[in-house]
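*Asks:* quick one, fold the following:
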Amino acid sequence: MDYKTILSQASNLLNNFSIKNAKLDSELLLSRSLKISRENLLLNLNKKIKFRDNKKFKLLLEKRLKKVPVAYILGYKDFWKSKFFVNNSVLIPRPETELIVEEALSYLPKTKYKKILDIGTGSGCILLSILLERPKSIGVGIDISKNAIKIAQINAKLQQLHNRIKFVNTDVDKYNWDKYDLIVSNPPYIEKIKISRLEEDIKNFEPKLALDGGYNGYLIIEKVINKSASLLKRNGNLILEIGYDQVAFVSRLLEKYGFYIKKISKDLSKKDRCIVAQNIKL
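*Replies:* Numbers count the residues shown, from 1 in each chain. This next block holds a predicted model:
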C-alpha cells in the first residue's frame, strides 16, 4: 500500500470519529511513523509503506481515535518559530497565544536589556519565543505545577536559553522577587462549569489546572492582574490572553488595579483575545 492510500484511509477513519483536522493529523502521525518530515511525506505519496512502519502508524492512529491530542502523541508542538516539547503536564500551545509574543516584541527593543516575567509559564513557549527574538533580555517563568516547570526547563535547554531564563515553582500570590519591564500571561480563564462541555481532546487530556478559571472564569485573571501591579515597573506593560467574551470585565479589573488599557488584539477569528495594559500606578 502506498502512502497516499494509507493517508486516505486514515483520514476517513478519523473523520468517522468526528476528529477535526483528520487529514493533517494523519499526515503528522504517518510522518512520525516513517521518521521523515511531513513535507518529505507529501513529496513521496506513491512510495510503498513497509509492514513495520504501517504497524507503528496504526498504533499512533489508535491513540488519536481515543482522542489523545496529536501534540501529546508526537511529544511536541510548533509555536511561533520553534518546536516545543509537550506532554499532558502542560497546556498545548495554540496559534491564538502567539498574539502575546507578537505584542510583546513590539514593546521590547532588540538592543536593550529588559526583564520579563511569564505568569503560568506552562511549557515556557511564550517566554522562550520572546527571548529567542530579544537576545539582550532575560526572563523568569513561574508556574504552580512542578511538572510544568520541568517541561519548561527542558524546552529552555532545547532552545539553548537556560542561561537567560529561570523557572520558579510557585503560586503567583507568593512571588515577590524583582521588578519587571514586561509581564506576560495566558492564565486559566474558563468557567469551572464549562470545562465539562469542552471537546474530549481538551477536557480528558489537558491539565485542568491550566484551564480552570474558577466559578466565574476570572479568579486567576484577577490574581495575575493584582500581583502584576506590584511586580511591574512604573509604565511597564502587562499582556494577557483572555476569553473572547471577557474583555469588558477584564478591562474593569485592570483599571481597578491601576492599569491603563493600551490595546485589545483580536485573533484570526476576529475575536478579542489579548489585552495590553500599562501600569500607571504611583
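
*Asks:* for V250, what are its contacts?
*Replies:* With contact set as CB atoms under 8 Å, 6 or more residues apart in numbering, V250 has these partners: Y218, I221, I225, L240, I242, I275. The way it works is simple: take the backbone N, C-alpha and C, and place the C-beta from them, glycine included.

*Asks:* tell me which element it falls in.
*Replies:* helix 247-256 (DSSP states H and E).

*Asks:* buried residues of that helix, list them for me.
*Replies:* V247, F249, V250, S251, L253, L254 (16 or more other CB atoms under 10 Å).

*Asks:* same question for stretch 49-69.
*Replies:* I49, D53, N54, K56, F57, L60, L61, R64, K67, V68, P69.

*Asks:* ok, stretch 254-269 next?
*Replies:* L254, Y257, G258, F259, S265, D267.

*Asks:* quick check: end-to-end length of that stretch?
*Replies:* 24 Å (CA to CA, to the nearest Å).

*Asks:* hey, where'd the helices end up in the stretch 1-150 of the chain?
*Replies:* For the stretch 1-150 of the chain, helices defined by DSSP state H, counting those that start in this stretch occupy the ranges 3-16, 22-34, 38-42, 51-65, 70-74, 98-106, 125-133, 146-158.

*Asks:* which strands or helices does the longest one pack on?
*Replies:* The reference is to helix 51-65. helix 3-16, helix 22-34, helix 70-74 (3 or more CB pairs under 8 Å, 6 or more residues apart in numbering; DSSP states H and E).

*Asks:* again, but for the third one
*Replies:* When contacts are defined as 3+ CB pairs under 8 Å, 6+ apart, helix 38-42 packs onto helix 22-34.
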